[in-house]
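Colleague: could you look at this predicted model? Sequence included:
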Number of protein chains: 2
Amino acid sequence: MESRLAPHQPPAATEGGVHDPRVGPQAAEPALAFRRWIEGDGAEGMVLRAGRSRQGVAVAMAHTVTTTGDAPVLATSIRDQGALRHTVRTTLAPGAVLTLVKSVAYAADKDVDGAPGDDDALSSAAVAALAQATAIGLPALRQARTQALQDFWLSSDLAIEGAPDLERAVRFNLFQLLQGAGRDGLTSVGAKGQSGEGYEGHYFWDAEIFALPVLVYTRPAVARAVLEYRHRTLDGARTHARLMGHRKGALYPWRTIGGAECSAYFPAGSAQYHINADIAHAVRQYMDASGDDDFLVRHGAEILFETARLWLDMGHYNPRRGGRFCIHEVTGPDEYTAMVDNNLYTNAMAQAHLEYAAEVAARLGRERPDDLARIAGAIGLGAEEPEGWRQAAEAMYLPYDEASGIHPQDDSFLDKKPWDFAGTPADHHPLLMHYHPLVLYRHQVCKQADAVLAFCLLPHRFEAEAVRRSFAFYEAVTVHDSTLSAGVFALLAARLGLMDKALAYFKDTALVDLHDLHRNTGHGLHMAAMAGSWMALVQGFAGMHALGGTLRFAPTLPPGWTGYRFRLDFQGNRVEVAVGCDAATTYRLLAGPGLALSHHGQVAHLTPATPEQTLEGIRHAAL
Amino acid sequence: MESRLAPHQPPAATEGGVHDPRVGPQAAEPALAFRRWIEGDGAEGMVLRAGRSRQGVAVAMAHTVTTTGDAPVLATSIRDQGALRHTVRTTLAPGAVLTLVKSVAYAADKDVDGAPGDDDALSSAAVAALAQATAIGLPALRQARTQALQDFWLSSDLAIEGAPDLERAVRFNLFQLLQGAGRDGLTSVGAKGQSGEGYEGHYFWDAEIFALPVLVYTRPAVARAVLEYRHRTLDGARTHARLMGHRKGALYPWRTIGGAECSAYFPAGSAQYHINADIAHAVRQYMDASGDDDFLVRHGAEILFETARLWLDMGHYNPRRGGRFCIHEVTGPDEYTAMVDNNLYTNAMAQAHLEYAAEVAARLGRERPDDLARIAGAIGLGAEEPEGWRQAAEAMYLPYDEASGIHPQDDSFLDKKPWDFAGTPADHHPLLMHYHPLVLYRHQVCKQADAVLAFCLLPHRFEAEAVRRSFAFYEAVTVHDSTLSAGVFALLAARLGLMDKALAYFKDTALVDLHDLHRNTGHGLHMAAMAGSWMALVQGFAGMHALGGTLRFAPTLPPGWTGYRFRLDFQGNRVEVAVGCDAATTYRLLAGPGLALSHHGQVAHLTPATPEQTLEGIRHAAL
């Protein structure tokens, strides 16, 4: 029996000899270099550090072997070129049992006080963590973990009647999301969680726009921790803003772990300014669901204000567009266009961001003036700035094409050359692996939801028929080469009552990794797509949204399902929503002081005294 | 006395610790690595090769020392870590003379037949070249060179009366251009000629748009050789086109020596599709001036056809613009914008390119059908393709803004945020060294002439008053951070009769290196700016243009000058043009069968019998 510990080698990033840029650069050297051995106190292991950043990790392991056999057990550890091999040898008679308990503990720089780069301290931290785990013992560890998962399912369990494979898939996705989400305020949700090397473990916007909604409504404390990570890295975002030419404010990096911009191609990296609005949207969503003013005054407001400032530097009041506020040279979520003018998603999200930041500043000014003064002092916020945000929001230009009645993705999108979908070979997908970016940029083809996502996140901003026409337009030009896309299309299709389409997209996002639909689950799980399955179920089929602080539903039932249910935490309440095939939805207060909610526009009150309401009507959701 | 031969180290590319991207990447290793020594037959030297491309160069040297003194002369050669040091030691009495003749010969891969990478063959070629030079001897070599330069000045000499410093500057520039231009059909004109390491010796579009006009009208044989270089690298351009997603045709690389694209940032590299039209423009200019059908059927037509094909793949007939032919996601000459739609320069130059390619195909079909059939067969040209070029040219969309009456640089330029010129610190120029590209891209600021260059090259295409208004607009937003800019502004200002402006810009381009106006002449001479001074004089002040095959002039006289003259080779004739302060221009046929030319629209005939005509009128040139 052999156990081997060695610096990890990334998986092959080539398919048929073609490099897949989504995996990461093909570095000649392993990212982590051996530094020293760990030994003693029954532990063995090693300390490793990254070549450039000098970030370190220590791993310590211990083995306990018991046997019902008589023969002696020989354990040896061999160190070989930076790898550690632990071998256990014995002879077992038939029926005899050997039990090996392997304990492994990790420590990273963030677990160590004092001088960065101290290998000894890192080693000691890993050994101490191993000793602590050993002292607690396996049964107690298992029990604690079981309890934590039971807690999670109490707040998040769901069922889909009539589609057991999809039920299992969404549950699997929720479990993976929980596993992949940072909980310590020092980490966020990687594109692949902790499950693979794809995107090199980096955090992107999907942490806030996809993973966070699930956490907000199922694990609010984790949602707060993930947002605290953004506050903790505000200095990195300020540095990034200075690099991008802004004299004040903060621009969150497009891809990062430690807070610095790690994208190597700025047209699809730093140019995605929408990340600022995405994080602001997440802050608002968390605040609406939690009312957590402690978070707001400690972390949220500073994030909102520092990021809102950038829009005024980015955009301008364009006299050629009737003085509307226009934003040029940004990249929206759809990376098959880059550096465009007036990206609908960016402008609409920036508008919501500016509005909300001004609203928060006004409310804090009324309710917590000392906190506002402290925050404003720390970031040099002028008293007139929030009014500037409000004005820019009010004047924000949102592209709309009178001739076609749709919302163009940006100023030039409708003018582009149509993509030859019929002439694209089946094996030329995903397009990014087969066409130069310039080819994609000059054609009318979308990698993923962009305007469609804006319609989902800001339903009150757009007129229903324009959304319906736009959905049809974008559906025809979107290739869904990003796994982020299907869930968003499912969500909007469900809200538009396009149930067959909604269900098909829902399956694409729910089964993305269980069925390896994009044939790259080996690079890691698609956290955002997994989250997208929950969003499509809850925010799509059940039509939930809660911006503004009121929980609203407009339930629908996809074809073939006989019912579904899910749970939510909202403003200190735990609610179960059960949609049935008898055209009724039952809302049940499981815990908390009670709340009012809206069902297809009808208000229902759940209280501890009358915790359950069944309301008729499963119809197509109005936007 | 010591002479040292060593692999060259590039000059420092930093100023105040900031890297200047125009110099080249800061490679940790020298570009050329030592391979072997050369010795024997009185020669010594070395063979070097580039690390990646394996391109090699051999350098051999010999020294002849004579002295009038009595003391012995000691010569030693020391090899030290890839460097060769030749030292000559003697003792000279007062008045005694020591003469050292150092002969150096180079050989590169192109000088060697047979296996690439053969160090011995390269060494032999350098030694043979050295022996040949030694056999010819210094006096004969000097005489040959003197003769060559006398020949050059016979065709290109010029004078500026009343501005001796400018006269000297333009002569200096012409000499440097001659020195820097490839003459062997294997090389072109580097951005810095042979004079420095800036831009790593690469060839760009300015070889054709700036250097070539000077060569066309002063050294037609060199102009042909430079165009032959493009024909010789057509395969590289075809490969580049495939990489950029085009199934047929050729796209010349943005920067290259051997024919492959060497630009590392495609938004300001491969996206500059105008290079195809620039080369086509140069072919046309050469053809109009030379009538060299031998060149056309051997080289020119294939270049024209293969490059013309790309426009049909790039653009499309846009129903939203009345079916006009639109071209998206290209970068024009002004690199302070990137990946724009309907760049005026690109569209107008592509239109001229398509028109001319169709015209050449039609003429060859009539006059040289066998040649056309051979070329078409070689590149698989369909009989219907030229008609497609003609149609696209006819439908080409050229941006024009009714409200302002100017030609916008592209679809979005007028909508961009104005640049804060007043708030830009003086030490923040050139902007590219102080602002992130995204900042530049989203503002209304131009690095250099772009639309203005289109007005210069295609004067017949634009209405005079729109050009006048556009000139004023672009002048206000252009920072001239490229040395290519001043000459173009000088040219157009002169044509518009804005003589003070024209003269100021002319000084900027004429003195760019003699006065080190951009403080980076240390990186090499600015070949295009030098050529720009000739263009501004001849094509600006004298209003010369010859597209279509007729030599036309519209002379003007800048303030302070009492006259100027220059010479041209045109269709086998050599003509001197002398503009005087007495409001008359004298055209003199120095050689050749004679020609008709136009002076402010008045036709004059020069013949061997009546070789001279003096025509009245120095007035503002009409466009």
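Modeller: Structure received. Here the structure is a predicted model, which means the values were calculated and not measured. Numbering: from 1, shown residues only, chains lettered A, B, ... in the order given.

Colleague: and chain A, which of its residues are near chain B?
Modeller: A:243-245, A:266-267, A:270-271, A:314-316, A:318, A:320-321, A:326, A:328-329, A:338-339, A:341, A:403, A:411-412, A:414-418, A:435-439, A:441-442 (C-beta under 8 Å from any C-beta of the partner chain). C-beta: built from backbone N, CA, C; applies to glycine.

Colleague: so which of the residues you listed are in helices?
Modeller: A:243, A:314, A:437, A:438, A:439, A:441 (DSSP state H).

Colleague: among those, which two are most distant?
Modeller: Greatest spacing in these, by C-beta to C-beta: A:243 and A:439 (29.5 Å).

Colleague: okay, the two: which has more neighbours?
Modeller: In terms of neighbours (other C-beta atoms under 10 Å in any protein chain shown), residue A:439 is the more surrounded of residue A:243 and residue A:439; the figures are 20 against 15.

Colleague: helices or strands next to the strand or helix carrying residue A:107 in the packing?
Modeller: Per DSSP states H and E: residue A:107 is located in strand A:98-108. In terms of contacts (3 or more C-beta pairs under 8 Å, 6 or more residues apart in numbering or on different chains; DSSP states H and E), strand A:98-108 is packed against strand A:56-67, helix A:119-136.

Colleague: alpha carbons only: can I get the helix or strand that residue A:86 is a member of in CSV?
Modeller: Using DSSP H and E, residue A:86 maps to strand A:83-89. Taking C-alpha atoms only, strand A:83-89 is exported to CSV below (Å, rounded to 0.1, in the frame of the first residue of the first chain):
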residue,chain,number,x,y,z
ALA,A,83,8.1,13.7,-3.4
LEU,A,84,7.4,11.7,-0.3
ARG,A,85,6.4,8.1,-0.5
HIS,A,86,4.9,6.3,2.5
THR,A,87,4.7,2.5,2.2
VAL,A,88,3.1,0.0,4.5
ARG,A,89,4.0,-3.7,4.2
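
Colleague: quick check: buried residues in it?
Modeller: A:84, A:86, A:88 (16 or more other C-beta atoms under 10 Å in any protein chain shown).

Colleague: now these in JSON lines, with pLDDT and distance to residue B:387?
Modeller: What follows is the buried residues of strand A:83-89, written out as JSON lines (pLDDT from 0 to 100; distance: C-beta to C-beta, whole Å):
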{"residue": "A:84", "pLDDT": "88", "distance to residue B:387": "73"}
{"residue": "A:86", "pLDDT": "88", "distance to residue B:387": "76"}
{"residue": "A:88", "pLDDT": "91", "distance to residue B:387": "80"}
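
Colleague: which residues does residue A:118 contact?
Modeller: Residues in contact with residue A:118 (C-beta atoms under 8 Å, 6 or more residues apart in numbering or on different chains) are residue A:112.

Colleague: per-residue confidence for it?
Modeller: On the pLDDT scale, residue A:118 is placed at 89.

Colleague: any regions of the stretch 301-450 of chain A where pLDDT drops low?
Modeller: Within the stretch 301-450 of chain A, no stretch has pLDDT under 70.

Colleague: residue ranges of the helices in it, please?
Modeller: A:301-314, A:344-367, A:369-379, A:385-394, A:437-441 (DSSP state H, counting those that start in this stretch).

Colleague: deepest of those, which one?
Modeller: helix A:301-314 (a mean of 25; mean count of other C-beta atoms under 10 Å in any protein chain shown).

Colleague: burial count for residue A:298?
Modeller: 14.

Colleague: grab the most central residue of chain A for me.
Modeller: For chain A, the residue nearest the mean C-alpha position is residue A:207 (2.2 Å; C-alpha atoms, centre = their mean).

Colleague: and it, how far from residue A:505?
Modeller: Residue A:207 sits 22 Å away from residue A:505, going by C-beta to C-beta, to the nearest Å.

Colleague: where along the stretch 451-600 of chain A do the strands fall?
Modeller: Along the stretch 451-600 of chain A, counting by DSSP state E, counting those that start in this stretch, strands occupy A:551-553, A:563-570, A:573-580, A:584-591, A:595-599.

Colleague: quick check: closest non-adjacent residue to the closest residue to chain B within the stretch 101-250 of chain A.
Modeller: As assessed by C-beta to the nearest C-beta, chain B sits closest to residue A:245 within the stretch 101-250 of chain A, at 3.9 Å. The shortest distance from residue A:245 to any residue other than its chain neighbours is 3.9 Å, reached at residue B:439 (C-beta to C-beta, 6 or more residues apart in numbering or on different chains).

Colleague: the one you found and residue A:244 touch, don't they?
Modeller: Yes: counting by C-beta atoms under 8 Å, residue A:244 is a contact partner of residue B:439 at 7.0 Å.
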